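Peer 1: build the 3D model from these lines:
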Amino acid sequence: MVPVLVLWLAVCLTGTWAVDRGNFKTCDQSSFCKRQRALKPGESPYRALLETMELTNTRLTLQLINDNNKVRLLLELYRLQGNITRVKINELKPLKPRYEVPDVLIREPPTEPLSLLSQDENGVVLSLGSESQRVIISARPFRLDIMEGSDVLMSLNSRGLLTFEHLRMRKDTFSYKVTSTVASVWDNIKRVFSSQADPEADKKEETDPANQAETTKEEEEKVEDGMWEEMFKSHSDSKPNGPSAISLDFSLPGVEHVYGIPEHADTLRLKTTENGDPYRLYNLDVFQYELYNPMALYGAVPVMLAHNTQRTTGIFWLNAAETWVDISSNTAGKTVFGKMLDYVQGSSETPQTDVRWISESGIIDVFLMLGPTPKDVFSQYASLTGTQSFPPLASLGYHQCRWNYNDQEDVQSVDAGFDEHDIPYDFIWLDIEHTDGKRYFTWDPHKFATPKEMLQGLKDKKRKLVAIVDPHIKIDSNYKIHNEIRSRGFYVKNKDGGDYEGWCWPGSAGYPDFFRADMRAWWASMFAYDKYEGSMENMYTWNDMNEPSVFNGPEVTMHKDAVHGAWENRDVHNLYGLYVQMATADGLTQRSGGVERPFVLSRAFFAGSQRYGAVWTGDNAAEWDHLKISIPMCLSLGLVGMSFCGADIGGFFKTPSTELLVRWYQTGAYQPFFRAHAHLDTPRREPWLFGPENTALIREAIRQRYALLPYWYQQFYHAHRTGDPIMRPLWVEYPQDPATFAVDDEYLIGRDLLVHPVTEEGARGLTAYLPGKDEVWFDVHTFQKHNGAQNLYIPVTMSSIPVFQRGGSIIPRKVRVRRSSECMEHDPYTLYVALNLQRTAEGELYIDDGHTFNYERKEFIHRRLSFAKNILSSVNLAPDAQFTTRSWIERVVILGASKPSKVTLKTADGQDSQLEFDFDASMSVLTLRKPGMNAGADWTVMLQ
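Peer 2: Coordinates of the predicted model:
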């Protein structure tokens, strides 16, 4: 088998290096998508049976009936804390249970009271707390509207596209024929006896709506291709449960801009899909993906945000099966002139976006996050699925990776190269070749004979290593990991009950069933230092190929009829990567007795994956368009809670020009996860291999990253506490400025830094939009001041990284850059104070030990920095917290300042001292030198 695999890989990994779209389904090739998409908007067959309504303090239940086939559904509606409405729809009496996603919500969401405002034969009106916000349920056809005042915020089934394919027995099977025959005989016996006892019984049974579903003969439903079995290329999907798809449409009046549903290599603002495929959410190993199309990629987060100048809302579709999302808009395709014409002619058509979600199985479980602000939606989503994990500080530094560093000597040589060229880095990475024959948790006995010696060498320089551990396990009776998984019955099963096997890097491989809690616990235990031979505390983990990737499987992934306990892979597919990363992160935490924070990078992800580590945009290419697309891809992930995102610097496939490589370093230095990575067959590209000029440019980009680590770390702390994205679109901070709504070539880091990387080949200049009509922005390199609400043309050279600090902010930096972040732990801070038009500014300083969970026990420093009325002060934001630092404030740079006659420092002990200062009148920059106060202390600086 292995020689065949090698031949197969050789075909895949050479040649054109482009995605083979024929390996991946279109909607027309996915039978349930084709079936659902064939349904046109119109009269819905579903109506609400209002007489079945039950309302308790916490929920409403109501039956829906499909008048075509008489199958009943159960609607549950909950008002949740924090302005969220939850709608669940399931079969009232399913043939067997349908899958409901576990482990994604951090708890059962707390509810708030619902109250009935009015009811008649046409529907019911419920209050959502405030008088102005209510839910209207219309009976015939079923429709649900959420209103605020006279405004419709969102409508469900307004286009009549609700579908629920009920579970049924296959009619051409022996068991179905026996069951239906017995049932028919039994019905006749019942009818004879009941009519003898009560002549009116027949009439009663016919008219009683509670019995209608059972007594009305189900309409003969058309059996279409793909309902009970489906072929794709040479692969068969047995579909033992038959058709089980669900679909629901949502209308968003007043909305023209929707975002989210990553992962797609597309623009930040989602496009309409009427003229092509819907956006697809199905975790797949897509080989060198194409750009600007809705194909599925490695991860799936079924969350969409809608935004206009009045409001931001969100839809969280909690379903782990293959999902397609159709988007249409009544303003799509209209030119600016066309919109102006509408305005001049007084066109009354309100912009509206319609969204339709289609999933292959499971239930409808949807959370409607009603904002009203972007930050409210982030908080609402975080309350459901948790926030970004708080990573070790070192993981925010620079990561050096390739497939593969050859041996220990190679690792030592690359490590020394960084010192020789005075370039900082924190992590060096090892890909699959470091193992003994692709057996994870092992080391190649010849190339990595003494891994602890290698790790100790890195530790002595305060550096770290990441080694890959993939979730496909080589089938080899001499491999203890495989033997233990097989003996415990922990592998995923095939449809016939045997262990599921597929091809991946080791050849024939088994796939651990991470849906089992006992399997995850065992996996976590394998990261213990005494189990994972050669590992040390400065070694962390990378989970690749965890979609899962199956080279000989349908669409390069697992068969849908593979079995995880009671469920098919069809029901759970998009959760696999989340569970792999969860178990790995648990293992890294447990190995230290729960003291040390883990760092785990994962390629596949789902809603909630943010709780377990970082993600990246997968196998990109050394092309300018791939550099550009890294920005909207990471922005989209940040909007749905996943802030720790980056792209392979330089592109994984192909060989970048030196210009592209330099520009990619300059861009990556200002993205959350900062890692260079390259394919096995590409030439080496360590930062010093492209001549002294390019080495200097790359060095400068990396050094800028390290100087800003205090600010990056602070942003991660805030993301962990609030759910706010770190790398965020401009509209998040400027929600009423339509000029920001589609911008995806620049972005904010937190509130206060605006970055417009150079992503065009041969660029001599670029135009950046500086938002905020009452704002000012300062170029962080030149301190030049610019007004907001303008398009600013910026001439650029190869050394340019256009970055601006918002007037009104204070940003801490550590400008003494050393070989790694840990070497800078006790270094002093420089505060950059950028004054706004009111001559005020504020910021924060957050400090902890950088690597343990002790911050959860209030072991940190968190200070408010503020400047007003010519006084700069530092005040404790966490008086109950305890932590000390040796770091001090060595410089304060005030942008937009006036020249003072003197500057006085007052410390917490009441001491006053005069400070030296320089003033650059041409740029209005005031620099206070060596004020010397401890970074964790109270102090005040007065300008007179």
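Peer 1: now the closest residue to R47 other than its chain neighbours, what's its secondary structure?
Peer 2: Leaving out its chain neighbours, the residue that sits closest to R47 by C-beta to C-beta, 6 or more residues apart in numbering is R140, at 4.4 Å. The C-beta positions use only the backbone N, C-alpha and C, and glycine is treated the same way. R140 falls in the coil class when you classify it by DSSP: H, G, I helix; E, B strand; the rest coil.
Peer 1: quick one, phi psi at R140?
Peer 2: Main-chain dihedrals, R140, degrees, to the nearest 10: phi -130, psi 110.
Peer 1: point out where the chain drops to low pLDDT.
Peer 2: 1-17, 131, 173-221, 333-348 (pLDDT under 70).
Peer 1: re the thing from before, which ones are touching the residue nearest to R47?
Peer 2: Contact partners of R140, counting by C-beta atoms under 8 Å, 6 or more residues apart in numbering, are 47-48, 122.
Peer 1: out of those, which is most surrounded?
Peer 2: Highest neighbour count within the contacts of R140, by other C-beta atoms under 10 Å: A48, with 24 neighbours.
Peer 1: that one in helix, strand or coil?
Peer 2: Secondary structure, three-state DSSP: A48 is strand.
Peer 1: distance-wise, check it relative to Q36.
Peer 2: Taking C-beta to C-beta, to the nearest Å as the measure, A48 falls 22 Å from Q36.
Peer 1: related to what we said a few turns ago, same list (the contacts of R140) but as CSV, adding distance to F367.
Peer 2: Below are the contacts of R140 laid out as CSV (distance: C-beta to C-beta, whole Å):
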residue, distance to F367
R47, 25
A48, 21
N122, 27
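Peer 1: tell me the one of those residues nearest L252?
Peer 2: A48 (22.1 Å; C-beta to C-beta).
Peer 1: hmm, the closest one is touching G123, no?
Peer 2: Yes: in this structure, A48 is within contact of G123 by C-beta atoms under 8 Å, at 7.4 Å.
Peer 1: shared neighbours of the two, which are they?
Peer 2: If you check A48 and G123 against C-beta under 8 Å, 6+ apart, the residues they both contact are 137-139.
Peer 1: ok, of those, which one's closest to R439?
Peer 2: Distance to R439, by C-beta to C-beta, is smallest for I137 among the shared contacts of A48 and G123, at 57.1 Å.
Peer 1: now do the SS call for the closest one.
Peer 2: strand.
Peer 1: what's opposite it in the beta bridge?
Peer 2: Per DSSP bridges, the residues bridged to I137 are V124, L144.
Peer 1: and the helices in the stretch 751-900 of the chain?
Peer 2: Remark: helices of the stretch 751-900 of the chain are absent; assignment by DSSP state H, counting those that start in this stretch.
Peer 1: how far away is S234 from G553?
Peer 2: As judged by C-beta to C-beta, S234 and G553 stand 11 Å apart.
Peer 1: which residues does S44 contact?
Peer 2: Taking C-beta under 8 Å, 6+ apart as the test, what S44 contacts is 141-143, 157, 160-162.
Peer 1: wait, which of these is closest to G765?
Peer 2: L161 (47.7 Å).
Peer 1: identify the residues contacting that closest one.
Peer 2: So L161 contacts 36, 39, 41, 44, 247-249, 356 (C-beta under 8 Å, 6+ apart).
Peer 1: tell me which entries of the residues you listed lie within helices.
Peer 2: Q36 (DSSP state H).
Peer 1: is D422 in a helix, a strand, or coil?
Peer 2: Once three-state DSSP is applied, D422 turns out coil.
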